[in-house]
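K.L.:
Build me a structure from this.
(one chain, ligands or ions: 1)
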Amino acid sequence: MEQKQQTLPARKNIALVAHDGKKAALQAWCSKHKDDLSRHTLYGTGTTGHLIERNTGLEVIKLLSGPMGGDQQLGAKIAEHEIHMLIFFWDPLASQPHDPDVKALLRLAAVWNIPVACNEVSADMILSSSLMHSELERTLPDYEKYLATRQVNL
Ligand SMILES: O=C(CO)COP(=O)(O)O
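P.N.:
Numbering: from 1, shown residues only. Below is the predicted model of the structure:
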């Protein structure tokens, strides 16, 4: 697959998601980093987003609850380049009814090469990066070239 370069903006659209066993940890992390996070646009799955808004005062664009399609909505927004970063405190000690959706979300974050943190210390490292509040170059699949090749070869 051919790749191309794209610039992620200084003010990023950040997706915040946590499984039930990790919701308290994500809310605490958001409270701790409220000033930094308020410089960006925040998205969240339904329950996570509501809890963060209620308990931190941060504004969150809320999608559907994860098991009802929220993870898939976030995945679509990553593929459409609307989401620039994913903070996903998934729970490695609990099974999820929507495990295929969880995998799909993480897969699309890898496909489109956005920064991802799946635990608190990774989220701390990402947020403390000098790139957090500045533009950031990313390599990503050249979709237009991919489509053109398929139209010719199939
Ligand atoms: O299930 C989730 C992520 O897979 C999160 O969904 P909620 O924020 O609605 O609980």
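K.L.:
Show me which residues of the chain sit near the ligand.
P.N.:
Residues of the chain found near the ligand, taking C-beta under 6 Å from any ligand atom as the criterion, are V17, H19, T45, G46, T47, T48, S65, G66, P67, G70, D71, V102. (C-beta placed from N, C-alpha, C; glycine too.)
K.L.:
what's the closest non-adjacent residue to L16?
P.N.:
In space, and not counting its chain neighbours, L16 is closest to G44: 4.5 Å by C-beta to C-beta, 6 or more residues apart in numbering.
K.L.:
From the structure, what's the count of residues near the one you found?
P.N.:
27 (other C-beta atoms under 10 Å).
K.L.:
For it, give the beta-bridge partners.
P.N.:
L16, K62 (DSSP bridges).
K.L.:
residues touching it, list them.
P.N.:
A15, L16, V17, H50, I52, V60, I61, K62, L63 (C-beta atoms under 8 Å, 6 or more residues apart in numbering).
K.L.:
give me that answer again for 10 Å
P.N.:
14-18, 26, 30, 50-53, 58, 60-63, 66, 70, 74, 87 (C-beta atoms under 10 Å, 6 or more residues apart in numbering).
K.L.:
and if you look at H133?
P.N.:
H133 touches A10, R11, K12, D36, R39, H40, L127, counting by C-beta under 10 Å, 6+ apart.
K.L.:
Can you read off the pLDDT for it?
P.N.:
The model reports H133 with a pLDDT of 94.
K.L.:
Next one: it from H40, what distance?
P.N.:
With distances taken as C-beta to C-beta, to the nearest Å, H133 is found 8 Å from H40.
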